[in-house]
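>>> Sharing a sequence plus its predicted fold:
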Amino acid sequence: MELNKINVVIAGKSYSLMTADDPDYLYELTRQLDKRIKDFLEKNDNVSVMTASVMVALEILDDDNKINSNIDNIRTQIKTYVDEAAKARLEADEARASLVVAEEKIERLETELKLYELRKTADGSKG
């Protein structure tokens, strides 16, 4: 795995970073972080860069936790839907099997009825 060395500036301070990721990806992350820190500083005049950085880090962690919680909820919902779909598939298979049995019974009963009618007609013509 090749490491790339990149230089970035976050909140006016330069950092040299090593990354196995695409440097453009890391540049974009640092750009977003720098913007969030600057935005926080603009809204809060009497705050140090360190405090702004910590507050932005907390916001990012909060967002991450909420996203992960939402992902877990979505996974649970998907599992429920998959389980319900499997149950519905099983019920549909059982219903199809019952339908085949019922159709066979109807066919057998229709055949018996025809035979009965033929016997009745035959017995009636003898008399």
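Sure thing, it's come through. Numbers count the residues shown, from 1 in each chain.
>>> Please count neighbours and contacts with C-alpha atoms only from this point.
Will do.
>>> roughly how far apart are Val82 and Thr76?
10 Å (C-alpha to C-alpha, to the nearest Å).
>>> same deal with Leu61?
Distance of Leu61 to Thr76, computed by C-alpha to C-alpha: 22 Å.
>>> what residue ranges in the protein are flagged as low confidence?
For the chain, residues meeting the criterion pLDDT under 70 lie at 127.
>>> what about the helices in it?
23-43, 49-126 (DSSP state H).
>>> Now render those as JSON lines, adding mean neighbour count and distance to Leu3.
Shown next, in JSON lines, are the helices of the chain (neighbours: other C-alpha atoms under 10 Å; distance: least, C-alpha to C-alpha, whole Å):
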{"stretch": "helix 23-43", "mean neighbour count": "15", "distance to Leu3": "10"}
{"stretch": "helix 49-126", "mean neighbour count": "12", "distance to Leu3": "25"}
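>>> could I get those as TSV with distance to Ile10?
Below are the helices of the chain laid out as TSV (distance: least, C-alpha to C-alpha, whole Å):
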stretch	distance to Ile10
helix 23-43	5
helix 49-126	10
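>>> Out of those, flag the one nearest Val9.
Val9 lies closest, by C-alpha to C-alpha, to one member of the helices of the chain: helix 23-43, at 7.6 Å.
>>> could you give the angle of that closest one to helix 49-126?
Comparing the axes of helix 23-43 and helix 49-126 via axes from the mean of the first three to the mean of the last three C-alpha atoms, to 10 degrees yields an angle of 120 degrees.
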